[in-house]
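Engineer: what's the 3D shape of this:
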Amino acid sequence: MSGRARNPIEEIRCVGCGCTDSRPCITETGPCTWIVIVEESRSGLCSACAALPLETLIVRALAANLVAA
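Structural biologist: Sure thing, here's the model as predicted:
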């Protein structure tokens with residue numbers, strides 16, 4: 001996930017788990033990577049969360065204020 005964020009304040013945050021470039025998820029195959037990035041909201045979806053059910057992603061994103069209700 002390195003190389004995408006300009007500084008910690010502007011880091012993109014995963015809507016599923018909240019990971020960032022500087023704090024990626026650690027999976028069995030290593031650090032996660034970005035599957036989708038939405039620059040306008042500075043959010044995205046990491047490879048570790050890509051298989052989660054849509055309902056779970058929505059609930060987590062709303063709870064973390066990563067998307068507007």
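
Engineer: what separates the nearest residue in space to residue 31 that is not next to it in sequence from residue 57, distance-wise?
Structural biologist: Distance criterion CB to CB, 6 or more residues apart in numbering; nearest residue to residue 31, sequence neighbours excluded, is residue 24 at 4.1 Å. In short, each C-beta sits where N, CA and C put it, glycine included. Distance, residue 24 to residue 57, using CB to CB, to the nearest Å: 17 Å.

Engineer: Report the helix or strand with the lowest average pLDDT across this structure.
Structural biologist: Across the helices and strands of the chain, the lowest-confidence element by mean pLDDT, DSSP states H and E is helix 54-63, at a mean of 84.

Engineer: Run the chain-centre distance for it.
Structural biologist: Relative to its parent chain, helix 54-63 has a centroid offset of 12 Å by CA atoms, centre = their mean, to the nearest Å.

Engineer: so who does the residue nearest the centre of the chain touch?
Structural biologist: Nearest residue to the geometric centre of the chain (CA atoms, centre = their mean): residue 14, 1.2 Å. For residue 14, the contacting residues are 20, 25, 32, 43, 44, 45, 46, 48, 49, by CB atoms under 8 Å, 6 or more residues apart in numbering.

Engineer: give me the number of residues near the spatially closest residue to it that is not a sequence neighbour?
Structural biologist: Of all residues not flanking residue 14 in the chain, residue 46 sits nearest, at 4.3 Å (CB to CB, 6+ apart). A total of 26 residues lie near residue 46 under the criterion other CB atoms under 10 Å.

Engineer: Quick check, residue 46 in contact with residue 25.
Structural biologist: Yes. With contact defined as CB atoms under 8 Å, residue 46 reaches residue 25; the gap is 5.9 Å.

Engineer: Can you list the low-confidence ranges for this structure?
Structural biologist: Residue ranges of the chain with pLDDT under 70: 1-9, 66-69.

Engineer: Would you map the strands across it?
Structural biologist: 13-14, 26-27, 30-31, 34-38, 43-46 (DSSP state E).
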